[in-house]
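Asker: One predicted model, sequence on top.
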Amino acid sequence: MEKEKLKEQIRSQLIAGLDEKITLLHKEIASTQESRNADTKSSAGDKYETGRAMAQMELEKNQATLSRTIKLRKELLMMDLEKKFDKVEFGSLVFTKQGNYFISFGLGKITVSKQDYYAISLGSPIGKALYQKSAGDIVVFQGREILVLEVF
């Protein structure tokens, strides 16, 4: 498979996963708002206030997660998939004997054409080990040698 198409397929799957998460967060936010607003003040005023405060904290947490997820999605969409890389950096696709990595964000495993790829960030331990490495370089990660076969 052509490497540009491969990167596009990996990115598309990552975006689809983020879209799914965004949809779930919107539903969770709506549900939390509804729950918070439906709370009726009872004679136990402190209990009511505590419930509302907890719902508000949950709402703020979900809104922050939604904001970060939308930002990740935008950054993935802006990534130049046609850029060629000699060294591992943000946006590169890295092939090693032990696994294949898409250097973007820590979003987990993606399978394309029965081949696994791991979306990792440069801030992750393996991302830090691979950063600025080129084809032919060997990195030691968790006591294992990893041979970089290709950086695209």
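Answerer: Looks like it arrived, so ask away.
Asker: May I ask which helix or strand of this protein has the lowest mean pLDDT?
Answerer: Using mean pLDDT, DSSP states H and E, helix 45-78 stands out as the lowest-scoring helix or strand of the chain, at a mean of 89.
Asker: Flag every buried residue along that one.
Answerer: Of the residues in helix 45-78, those buried under the neighbour-count criterion (16 or more other Cβ atoms under 10 Å) are 55, 58-59, 62, 66, 69, 72-73, 76. Placement of C-beta: from N, CA and C, glycine included.
Asker: Could you name the helices and strands sitting against it?
Answerer: helix 3-38 (3 or more Cβ pairs under 8 Å, 6 or more residues apart in numbering; DSSP states H and E).
Asker: And the buried residues of helix 45-78, which is closest to Glu150?
Answerer: The closest of the buried residues of helix 45-78 to Glu150 turns out to be Leu76 (Cβ to Cβ; 21.7 Å).
Asker: That closest one reaches Ile15, doesn't it?
Answerer: Yes - with contacts defined as Cβ atoms under 8 Å, Leu76 counts as touching Ile15 at a distance of 5.8 Å.
Asker: which one is the residue nearest the centre of the chain nearest to, not counting chain neighbours?
Answerer: Among the residues of the chain, Leu107 comes closest to the average C-alpha position under Cα atoms, centre = their mean, at 3.1 Å. The shortest distance from Leu107 to any residue other than its chain neighbours is 4.1 Å, reached at Ala119 (Cβ to Cβ, 6 or more residues apart in numbering).
Asker: isn't there a strand covering the one you found?
Answerer: Yes - counting by DSSP: H, G, I helix; E, B strand; the rest coil, Ala119 is located in a strand.
Asker: Give me the number of neighbouring residues for it.
Answerer: Counted with other Cβ atoms under 10 Å, the burial measure for Ala119 works out to 20 neighbours.
Asker: got a list of what it touches?
Answerer: If a contact means Cβ atoms under 8 Å, 6 or more residues apart in numbering, then Ala119 has 10, 14, 101-102, 104-110 as its contacts.
Asker: circling back to that earlier point, make a markdown table out of the buried residues of helix 45-78 and add distance to Leu93.
Answerer: Formatted as a markdown table, the buried residues of helix 45-78 follow (distance: Cβ to Cβ, whole Å):
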| residue | distance to Leu93 |
| --- | --- |
| Ala55 | 43 |
| Glu58 | 38 |
| Leu59 | 38 |
| Asn62 | 32 |
| Leu66 | 28 |
| Thr69 | 23 |
| Leu72 | 18 |
| Arg73 | 19 |
| Leu76 | 14 |
